[in-house]
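Peer 1: Requesting a structural model of the entry that follows:
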Amino acid sequence: MNKTISVSDNLYAYLLNNSLCEPEILRRLREENASHPKAEFQIAPEQGQFMRLLVQVLGVRRAIEVGVFTGYSALSVALAMPPGGRLVACDVSEEFTNVAKRYWEEAGVAQKIDFRLGPALETLDSLIRAGQAGSYDFVFIDADKVNYLAYYERALSLVRSGGLVAIDNTLWYGYVADDARNDSDTISIRALNRRILEDNRVLASLLPLADGLTLALKLA
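Peer 2: Next comes the predicted model:
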């Protein structure tokens, strides 16, 4: 029996109207993104709010984001971090992240964000080589899907015991449950979901939030 309620357009509008407390600068960034040709890259506003809640509950001071786009999720995290917080933000697009930098500056959080332009795996490996394994509180992954397993393994190395790895798009428009879908992105996400299910290093939950959000808590 299905225990998760289906969310109609009407119910989704109710959800936003009765739960979303979105800072004005995030709202403006979201509205600017609405006309972007890659608008689907941005996380949902209720997901951004949930991430701000997680950051505050966990007391996150050191975080990593893999996949920035125009900066909505990074801004959500940075706004929730304390003044001394630091977010390493990884992306390969200078064009997209120039928009992000504009909003980070306006929000007064640019000093919290260490932006790294280049392949995220190279950045994550450089952090590990620099002796930063086990020193981060939170990692958010929302980038190219074929590298999700590799991102997950690096993230798990970099977070401390009790740290959290959050992974976006793990329900992938429902394609993960469609046996007829066997493109590389879908196969990669299925493999990640199975890996996390069987991974005794974490306590994990796949939430039907937006396009699927997996939370993996590092146990040791």
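Peer 1: residue boundaries of the strands in this structure?
Peer 2: Here the chain has its strands, by DSSP state E, at 62-66, 86-91, 113-117, 136-141, 159-168, 202-207, 213-218.
Peer 1: Now render these as JSON lines, adding mean neighbour count and distance to residue 129.
Peer 2: Backbone N, C-alpha and C define where each C-beta goes, glycine included. Converted to JSON lines, those look like this (neighbours: other C-beta atoms under 10 Å; distance: least, C-beta to C-beta, whole Å):
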{"stretch": "strand 62-66", "mean neighbour count": "27", "distance to residue 129": "15"}
{"stretch": "strand 86-91", "mean neighbour count": "24", "distance to residue 129": "14"}
{"stretch": "strand 113-117", "mean neighbour count": "17", "distance to residue 129": "14"}
{"stretch": "strand 136-141", "mean neighbour count": "25", "distance to residue 129": "15"}
{"stretch": "strand 159-168", "mean neighbour count": "21", "distance to residue 129": "17"}
{"stretch": "strand 202-207", "mean neighbour count": "15", "distance to residue 129": "23"}
{"stretch": "strand 213-218", "mean neighbour count": "22", "distance to residue 129": "20"}
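Peer 1: Any idea which of those strands gets closest to residue 39?
Peer 2: Distance to residue 39, taken as C-beta to C-beta, is lowest for strand 159-168 among those, at 14.8 Å.
Peer 1: Can I get the closest one in PDB, CA atoms only?
Peer 2: Provided in PDB are the C-alpha atoms of strand 159-168 (Å, rounded to 0.1, in the frame of the first residue of the first chain):
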ATOM      1  CA  VAL A 159      32.800  14.100   6.000                       C
ATOM      2  CA  ARG A 160      33.400  13.500   9.600                       C
ATOM      3  CA  SER A 161      31.700  10.800  11.600                       C
ATOM      4  CA  GLY A 162      28.100  12.100  12.100                       C
ATOM      5  CA  GLY A 163      28.500  14.200   9.000                       C
ATOM      6  CA  LEU A 164      25.800  14.200   6.300                       C
ATOM      7  CA  VAL A 165      26.000  13.600   2.600                       C
ATOM      8  CA  ALA A 166      22.900  14.800   0.700                       C
ATOM      9  CA  ILE A 167      22.400  13.700  -3.000                       C
ATOM     10  CA  ASP A 168      19.800  15.200  -5.300                       C
END
